[in-house]
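In: I'll drop the sequence and a predicted model, then ask my questions.
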Amino acid sequence: MRYQSLPGRTMPDILIRGLTASEVKSLDRLAALEGQSRNTVMREMIRRSLRPSTPIDLEDTRKLLALLSDGLNDEIMSQAWR
């Protein structure tokens, strides 16, 4: 049964079987925390997992380490709390 359809487009329905009651409860808790529906949370999880990943190159790693090093600098961190 198609309950949402756009003119000229079909929306495939997907049935996911084999989830435990505990997994469904966890999914519902996550959805509630995010203020989203269970379907929206699952849709976003699927979309994230299907996105192509981009490798981090050496320059990106250097930039990240430079930013993180400030977290170990007492002078810089003391200014963050002023």
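Out: Structure's in. What do you need?

In: can you give me the helices in the chain?
Out: 21-34, 38-50, 58-69, 74-80 (DSSP state H).

In: For this structure, give me the ranges with low pLDDT.
Out: Applying pLDDT under 70 to the chain flags the ranges 1-6.

In: cutoff 80 now
Out: 1-12, 81-82 (pLDDT under 80).

In: closest one to Asp13 among the helices of the chain?
Out: Nearest of the helices of the chain to Asp13, taken as Cβ to Cβ: helix 38-50 at 10.7 Å. Every residue, glycine included, has its C-beta placed from N, CA and C.

In: Tell me how far that closest one lies from the chain's centre.
Out: 8 Å (Cα atoms, centre = their mean, to the nearest Å).

In: same deal with stretch 44-53?
Out: Worked out by Cα atoms, centre = their mean, stretch 44-53 lies 8 Å from the chain centre.

In: Which of the helices of the chain sits closest to Pro12?
Out: helix 38-50 (12.1 Å).

In: hmm, who's touching that closest one?
Out: Contacts to helix 38-50, defined as Cβ atoms under 8 Å, 6 or more residues apart in numbering, come from residues 16, 27-28, 30-31, 34, 36.

In: What is the nearest of these to Gly71?
Out: Looking across the contacts of helix 38-50 and measuring by Cβ to Cβ, the closest to Gly71 is Glu34, at 27.7 Å.

In: how many neighbours does the closest residue to that closest one other than its chain neighbours have?
Out: What sits nearest to Glu34 in space, not counting adjacent residues and going by Cβ to Cβ, 6 or more residues apart in numbering, is Val41, at 6.3 Å. Residues lying near Val41 (other Cβ atoms under 10 Å) number 17.

In: measure Val41 to Arg9 for me?
Out: Per Cβ to Cβ, to the nearest Å, Val41 is found 23 Å from Arg9.

In: ok, now Leu27?
Out: Counting by Cβ to Cβ, the gap from Leu27 to Arg9 is 27 Å.

In: Pick out whichever of the two has more residues nearby.
Out: Between Leu27 and Arg9, counting by other Cβ under 10 Å, Leu27 is the more crowded of the two (15 against 6).
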